[in-house]
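**Q** kindly generate the corresponding structure for this input.
(chains A and B)
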Amino acid sequence: MELAQVRYFLALCHTLNFSRAAEQCSVTQPAFSRAIQRLEEEFGGALIYRERNLTQLTSLGREMRPHLQAMLDAAEAAQAVAAARRQTVAGSLRIGLGPGVGAGAIAGVVAEVLRVFPATELHFTEAASGSLADAMLVDALDCALLPEEAPLPERLNRWLLYTEVAMLVCPAGHHLARLNICTARDLVGEALLVGDACGGFGRKLVESCDAPVRVQQCRGAAAQILELVAAGLGVALLSNRLSVGANLATRKFTEPELSRRIQLAAVAGRPHGPAASSFIKLCRAQAFS
Amino acid sequence: MLPSTEGRLVALSEELAKGPVVLSFFRGEWCPFCKLMAEALAEAALRIEACGAGILALTPETGALPQKLRARHGDRFTVLADVDFGVGLLAGVVFKIPPLYRARLEASGLDFPHRQGNSAWCLPVPAVYVIRPDGVIGWRFADVDFARRPEPDEIVAALERL
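**A** Predicted coordinates for the structure are as follows:
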C-alpha cells in the first residue's frame, strides 16, 4: 500500500463522500477513485459501499480504519519528531501512573525523551485506573501505566510492558529484614498495611492464603505506605520496581509469589505531540527486563 | 525517528550526517529468510563500515523481539523498531497479509498482534536501500518474493559506486 492511498482512504472515512474527500486531498476524483480501488484490490474486498445516498464503510473498511490511522500517525510522527527536534519546540509529556505503579521502570525512557526534547515539561499523575482512563479520554493525559486487570474502555489501545512481583518492605532494623526470602508464614503476627492504591498485592495475599496475617487497611498511595512502614506501623507488600529509602529494607517475597502485569494505555487514533509519541514508541519497543 | 534496541531515538538525518546508510527492512525475528539476511549483513558489516556507511535494520516487531534479532548476530548493526509501520508506509513497502498466507502464519503459531503490538496483520516487503548522505537513494532492492534477498556484494558494490 502507498502513503497516498492510506491518506485518501482516511479522508474518505471522514467525509463519506468521494468528491469532497478527493478535493480535501487535492487530487482529481478519477485518480482518487483509482487509488481507493487499488487499495481494495490489495485488501481483497470492498472498503466502502458506493451507494448514492448511503456511502458507508464496509466491515473490512471499519476493521482496517484504526490500523491504517495508526500507521499514518506513525509515519507522520516519524517525520514530525525529526522536524520538532530541529526546532526545539517546547511540549509536554503527561503520564498517568496506576495504583502502586512507580515511575522507576520508565525513568530511562523518560530520560531519552528529554535528551531529544530538552524543553519538554513532565507531568505525572497518580490515580485509580478508571480516573486515569477518563483523563486520557478528555486529553488531560497522553498515556498511562496501568495494571493489566484494570477494565478499560474500548477506545484505549493497550500494550503489555512488564511484569512486577511483590516484595516485602519493612524497617531496616526489623527482624524480617534478617531473612533472605520472606513467605506468607513469616508474616504471621505482623501488621500488614493493605491498600488498593498501592498495588493490591496485600489484598491478593489475604485472598489467596489462610495464614493469620493481621491486616491494617490503609487508603493511601505507595508513598504514604512507605512512610507508615518507616514509622513502625507495620510491613507492606509493594511492587519490586518501586525504589525505597535507606531506612527501609526490601526482601523477595515467595509462597505465594504475587505478580501483576503492567500495560501502557493511550487513546486509539489520537495524534500525540512529538514527546508523547516518542515516549509511547520507546516504551513499546523496549525489552523491560 | 525510531527507537533502537538500546532505548535510544535514532534519526535517519543524524545517521546520514556520519555517512551513507544501508537501510534494510526485516519481516521479523521469526522469519528464516530474515535470519539469513541478518547473518549476511553481519558478515558484511566490516566491509560496509569500510565504505564509511552504517547499517540500520528496521523491524515491525516490538517488546524484546528487536533485541533478539540484534543479539543473534553479535550486535553488529543497529536494529530499530518501526512501530506501527510508520517508516515502512513512508517507503511504500508495507502490505496487508493475504488471508491464505495469514492462515498459514497463524497455524504456525505466530501471534502478530502480540509481536507487533497492533492487529493490522501487515508486513513489510524486505527491501534494502542504500541512502546517500544527501538523503537521495543511491541503490535499492525490493522483491515481493520474501525468499529473495540482495547479496552483500551488491550492497558493497553500490556503496563503492556512490
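
**Q** in the host helix or strand of A:Glu63, what counts as buried?
**A** Taking DSSP states H and E as the definition, A:Glu63 sits inside helix A:59-87. Going by neighbour count (16 or more other Cβ atoms under 10 Å in any protein chain shown), the buried part of helix A:59-87 is A:60-61, A:63-78, A:80-82, A:84-85. For every residue, glycine as well, the C-beta is placed using N, CA and C.

**Q** what stretches of the stretch 1-150 of chain A score poorly on pLDDT?
**A** Applying pLDDT under 70 to the stretch 1-150 of chain A flags residues A:86, A:88-89.

**Q** and for B:Gly135, the neighbour number?
**A** 10 (other Cβ atoms under 10 Å in any protein chain shown).

**Q** ok, it touching B:Leu16?
**A** Yes - between B:Gly135 and B:Leu16 a contact is recorded at 6.2 Å, counting by Cβ atoms under 8 Å.

**Q** show me where the stretch 151-289 of chain A has its strands.
**A** A:156-171, A:181-182, A:191-194, A:214-217, A:236-239, A:248-253, A:259-267 (DSSP state E, counting those that start in this stretch).

**Q** what residues does the stretch 51-200 of chain A put near chain B?
**A** A:64, A:67-68, A:70-79, A:81-82, A:85, A:108-109, A:112-113, A:115-116, A:159-160 (Cβ under 8 Å from any Cβ of the partner chain).

**Q** ok, which stretches of the stretch 1-150 of chain A are helices?
**A** Ranges of helices in the stretch 1-150 of chain A, per DSSP state H, counting those that start in this stretch, are A:3-15, A:18-24, A:29-43, A:59-87, A:107-116, A:129-137.

**Q** quick one: closest of the ones you listed to B:Pro32.
**A** Checking the helices of the stretch 1-150 of chain A against B:Pro32 by Cβ to Cβ gives helix A:29-43 as the closest, at 25.0 Å.

**Q** pull the distance from the closest one to the chain's centre.
**A** 36 Å (Cα atoms, centre = their mean, to the nearest Å).

**Q** ok, the closest residue to B:Glu151 other than its chain neighbours to chain A distance?
**A** Nearest non-adjacent residue to B:Glu151, counting by Cβ to Cβ, 6 or more residues apart in numbering or on different chains: B:Ala40, 7.7 Å away. Using Cβ to the nearest Cβ, to the nearest Å, one gets 24 Å for the distance from B:Ala40 to chain A.

**Q** ok, back up a step: ok, which of the strands of the stretch 151-289 of chain A comes nearest A:Arg94?
**A** Here strand A:259-267 is closest among these (Cβ to Cβ), at 10.9 Å.

**Q** could I get the buried residue list for that closest one?
**A** Quick answer for strand A:259-267 (16+ other Cβ under 10 Å): A:Arg260, A:Ile262, A:Gln263, A:Leu264, A:Ala265, A:Ala266, A:Val267.

**Q** and if you look at stretch A:19-34?
**A** Those would be A:Ala21, A:Ala22, A:Gln24, A:Cys25, A:Val27, A:Phe32, A:Ser33, for stretch A:19-34 by 16+ other Cβ under 10 Å.

**Q** gap between the residue positioned nearest the centre of chain B and chain A?
**A** Taking Cα atoms, centre = their mean as the criterion, B:Phe25 is the residue nearest the geometric centre of chain B, at 2.5 Å. Using Cβ to the nearest Cβ, we find B:Phe25 at a distance of 14 Å from chain A.

**Q** B:Glu29 too?
**A** Applying Cβ to the nearest Cβ to B:Glu29 and chain A gives a distance of 12 Å.

**Q** run the chain-centre distance for stretch A:245-255.
**A** 27 Å.

**Q** revised request: answer the last question for stretch A:210-217.
**A** Centre to centre, stretch against its chain (Cα atoms, centre = their mean), the figure for stretch A:210-217 is 32 Å.

**Q** give the buried residues for it.
**A** So, applying 16+ other Cβ under 10 Å, buried residues of stretch A:210-217: A:Ala211, A:Val213, A:Gln216.

**Q** same check, this time on stretch B:98-109
**A** Buried, per 16+ other Cβ under 10 Å, within stretch B:98-109: B:Leu105.

**Q** what about B:Ala42, helix or strand, and which?
**A** Assigned by DSSP H and E, B:Ala42 falls in helix B:32-50.

**Q** for that helix, packing partners?
**A** Applying 3 or more Cβ pairs under 8 Å, 6 or more residues apart in numbering or on different chains; DSSP states H and E, we find helix B:32-50 packed against strand B:21-25, strand B:54-59, helix B:152-161.

**Q** spatially, what comes nearest to the closest residue to chain A within chain B if we skip its sequence neighbours?
**A** Relative to chain A, the nearest point of chain B is B:Gly86 (2.9 Å; Cβ to the nearest Cβ). With Cβ to Cβ, 6+ apart as the criterion, B:Gly86 has its nearest non-adjacent residue at 2.9 Å, and that residue is A:Ala74.

**Q** now do the contacts for that neighbour.
**A** Contact partners of A:Ala74, counting by Cβ atoms under 8 Å, 6 or more residues apart in numbering or on different chains, are A:Lys281, B:Asp82, B:Val83, B:Asp84, B:Phe85, B:Gly86, B:Val87, B:Leu89.

**Q** 7 Å - rerun?
**A** B:Val83, B:Asp84, B:Phe85, B:Gly86 (Cβ atoms under 7 Å, 6 or more residues apart in numbering or on different chains).

**Q** for the helix holding A:Glu63, the distance to its chain's centre please.
**A** That offset, for helix A:59-87, works out to 18 Å (Cα atoms, centre = their mean).
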